[in-house]
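Engineer: got a predicted model here, sequence first, then my questions.
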Amino acid sequence: MNKPRFSPIWLGAALLGHTAWGIYPVLARYLQIQAHIPGLTLLTIANGFALLVMLAVVAIRGEFGQLRVRAGWLVALFAMLRAVTNVLAARYAPAAQVTLIGLLTPLLVVVMGRWWFNDPAPPNTGVVLALSLLGAMVMLSGDIQNPDFWQSGGSSSWVGIALALTSSVMLALYMLSVRRTSSYGISSEATFLLQLIAVVATSIPLSYAIGERFDGLASLQPAHWIGLACFSLFIVIGANILQVYTLRKLGASLVTAVQAWRLPVSAIAAGFILAEWLQTPTEFIGAGLTAMSVTWYLVSQRKSA
């Protein structure tokens, strides 16, 4: 496997992708609360629209034959399990718990990549993981110090925690597997299409199984339609495509090492979209530490290229 090229363009693309993923939970919360779209139904609508777009793209590129490659379907399986467990984790456990457990993903990628795939992590990866985790812990310290933090979801909270842990493992496997699909001759677009097929085919029956019902598209306000369009185009399509490309160009260890960037982005987006602004000094300090550590790490990777 070729050594990743840490060019400014791809490093910037990785950061842009994480920025979009940081906005993802905020827009998802907005659409579920304000537009009253159930979680799995939202997943189906957004990914279904992306599926139609990518079907056209893959057809134009003449790459339908690549959909038969088994390695691509393995990546799609990991992506589907990640998407479903992530949505259900938020259903059973508080968001702060799910976010905190999700921070294990970069560590899982480094450990699994080194032991199972013989992929060494880039320089300073351990340092940025420690600093960004510290920043995230400081930012979430108000929630963590609450005596009811781990019981706030009742007995179902532990179901949510188990789902969140499973989601982190699936995301790590997805990250580590995506880059290897290129060696099987599967394009980034075809890889993403396989992922969408798996997610949509699973989310539709699962939505009905858990009793979700939604027939209110006609009653959505213009602001809701704008939010749904942004969610589908810029996050489900844009962020996923950026993620696949940057994983192939930079490797899973580097891309996931800056995953903590999503936390301060989510906090800022929540302020503008949901009017949920940062309030305590520890939240500002934690967000600043995380942002600075990620910025330093990306600059250091460029210098070491």
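Structural biologist: Sure, I can see it.
Engineer: longest single helix anywhere in this structure?
Structural biologist: Assignment by DSSP state H gives helix 8-33 as the longest helix of the chain.
Engineer: show me what counts as buried in that one.
Structural biologist: Under the neighbour-count criterion of 16 or more other Cβ atoms under 10 Å, helix 8-33 has 10-11, 13-15, 17-31 buried. Bear in mind the C-beta positions are built from the backbone N, C-alpha and C, glycine included.
Engineer: for it, which helices and strands make contact with it?
Structural biologist: With contacts taken as 3 or more Cβ pairs under 8 Å, 6 or more residues apart in numbering; DSSP states H and E, helix 8-33 sits against helix 39-61, helix 222-230, helix 240-250, helix 252-257, helix 262-274, helix 281-304.
Engineer: so which of these is the most surrounded?
Structural biologist: helix 252-257 (a mean of 28; mean count of other Cβ atoms under 10 Å).
Engineer: and it, what does it pack against?
Structural biologist: helix 8-33, helix 105-116, helix 125-139, helix 156-178, helix 240-250.
Engineer: pLDDT score assigned to residue 274?
Structural biologist: pLDDT, residue 274: 83.
Engineer: out of the helices and strands packed on helix 8-33, which is closest to residue 171?
Structural biologist: Within those, the stretch nearest residue 171 is helix 252-257; the backing value is 8.2 Å (Cβ to Cβ).
Engineer: CA atoms only: put the closest one into PDB for me.
Structural biologist: Only the C-alpha atoms of helix 252-257 are listed here, as PDB (Å, rounded to 0.1, in the frame of the first residue of the first chain):
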ATOM      1  CA  ALA A 252      -7.700   5.900   8.700                       C
ATOM      2  CA  SER A 253      -5.400   6.800  11.600                       C
ATOM      3  CA  LEU A 254      -4.900  10.400  10.500                       C
ATOM      4  CA  VAL A 255      -8.500  11.000   9.500                       C
ATOM      5  CA  THR A 256      -9.900   9.700  12.700                       C
ATOM      6  CA  ALA A 257      -7.300  11.400  14.900                       C
END
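Engineer: so what touches stretch 177-187?
Structural biologist: Residues outside stretch 177-187 that contact it (Cβ atoms under 8 Å, 6 or more residues apart in numbering) are 1, 61, 63, 66, 69, 71-72, 74-75, 78, 191, 243-244, 247-248, 251-252.
Engineer: related to what we said a few turns ago, out of the helices and strands packed on helix 252-257, which gets nearest to residue 266?
Structural biologist: Distance to residue 266, taken as Cβ to Cβ, is lowest for helix 8-33 among the helices and strands packed on helix 252-257, at 4.6 Å.
Engineer: chain center to that closest one, what's the gap?
Structural biologist: Using Cα atoms, centre = their mean, to the nearest Å, the distance from the centre of helix 8-33 to the centre of the chain it belongs to is 8 Å.
Engineer: what angle sits between it and helix 281-304?
Structural biologist: Counting by axes from the mean of the first three to the mean of the last three Cα atoms, to 10 degrees, helix 8-33 lies at 150 degrees to helix 281-304.
Engineer: so what's the residue count around the closest residue in space to residue 260 that isn't next to it in sequence?
Structural biologist: Nearest residue to residue 260 in three dimensions, chain neighbours excluded: residue 132, at 3.5 Å (Cβ to Cβ, 6 or more residues apart in numbering). Residue 132: 26 surrounding residues under other Cβ atoms under 10 Å.
Engineer: might you report the residue contacts of residue 132?
Structural biologist: With contact taken as Cβ under 8 Å, 6+ apart, residue 132 is in contact with 103, 106, 257-261, 289-290, 293-294.
Engineer: turn these into TSV, including pLDDT.
Structural biologist: Output for the contacts of residue 132, formatted as TSV (pLDDT from 0 to 100):
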residue	pLDDT
103	79
106	89
257	88
258	88
259	87
260	86
261	89
289	89
290	88
293	90
294	89
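Engineer: for these, which one is nearest residue 223?
Structural biologist: Nearest to residue 223 among the contacts of residue 132: residue 261, at 27.1 Å, using Cβ to Cβ.
Engineer: was I right to think the closest one contacts residue 15?
Structural biologist: Yes. If you go by Cβ atoms under 8 Å, residue 261 and residue 15 touch, sitting 6.5 Å apart.
Engineer: so for those two, which residues contact both of them?
Structural biologist: In contact with both residue 261 and residue 15: residue 294, using Cβ under 8 Å, 6+ apart.
Engineer: where does this structure dip in pLDDT?
Structural biologist: Where the chain drops to pLDDT under 70, the residues are 1-6, 90-91, 93-97, 142-157, 302-305.
Engineer: pull the contacting residues for residue 236.
Structural biologist: 46-47, 49-50.
Engineer: ok, now with 6 Å
Structural biologist: Neighbouring residues of residue 236 by Cβ atoms under 6 Å, 6 or more residues apart in numbering: 46-47, 50.
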